[in-house]
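**Q** Could you look at this predicted model? Sequence included:
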Amino acid sequence: MALIAARAADHAGNLYTGPNTEDTPTIVEATAFKNGIVIAQVDEVVDRLPRVDIPADWVDFFVKARLRITRSHCSHATRRISAKPRS
């Protein structure tokens, strides 16, 4: 099983991993060709990808992320957590 993250997917299930492609396509290919399951979390679903880094027939499932975590989200959550009174 491979759990991966990608920038975008098209409606057919092709994935665009963005500038950080590195080893992800190799890992997905090895998993797919050994009958493993590939699940991708994507930031967005689009009509047209800038390029296809991972073809749809290597991907079993993809899920659109609900919230993209940014530095401002992290610092806000840290402030909220640290502001809790201790028992």
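**A** Done, it's in. Residues are numbered from 1 along each chain as shown.
**Q** doesn't Val52 make contact with Thr17?
**A** No. Here Thr17 lies out of contact with Val52, judged by CB atoms under 8 Å, at a distance of 9.8 Å. Placement of C-beta: from N, CA and C, glycine included.
**Q** Please identify which of the two sits among more neighbours.
**A** Thr17 (21 against 14; other CB atoms under 10 Å).
**Q** So the more buried one versus Thr26, what's the distance?
**A** Look at Thr17 and Thr26: by CB to CB, to the nearest Å, they are 12 Å apart.
**Q** With Arg51 instead?
**A** Noted for Arg51: a distance of 16 Å to Thr26, by CB to CB.
**Q** ditto for Gln41
**A** Gln41 sits 19 Å away from Thr26, taking CB to CB as the criterion.
**Q** Likewise for Phe33?
**A** According to CB to CB, Phe33 stands 11 Å off from Thr26.
**Q** what's the answer for Val46, then?
**A** 24 Å.
**Q** Between those two, point out the one with more neighbours.
**A** Val46 (14 against 10).
**Q** so what's the more buried one closest to, chain neighbours aside?
**A** Ala8 (5.0 Å; CB to CB, 6 or more residues apart in numbering).
**Q** the helices in this protein, which residues?
**A** 24-33, 71-82 (DSSP state H).
**Q** Which of the ones you listed has the lowest mean pLDDT?
**A** Across the helices of the chain, helix 71-82 has the smallest mean pLDDT, namely a mean of 48.
**Q** Can you report how many residues neighbour the nearest residue to Ala5 once chain neighbours are set aside?
**A** Excluding its sequence neighbours, the residue lying closest to Ala5 (CB to CB, 6+ apart) is Gln41, at 5.0 Å. Counted with other CB under 10 Å, the neighbours of Gln41 add up to 15.
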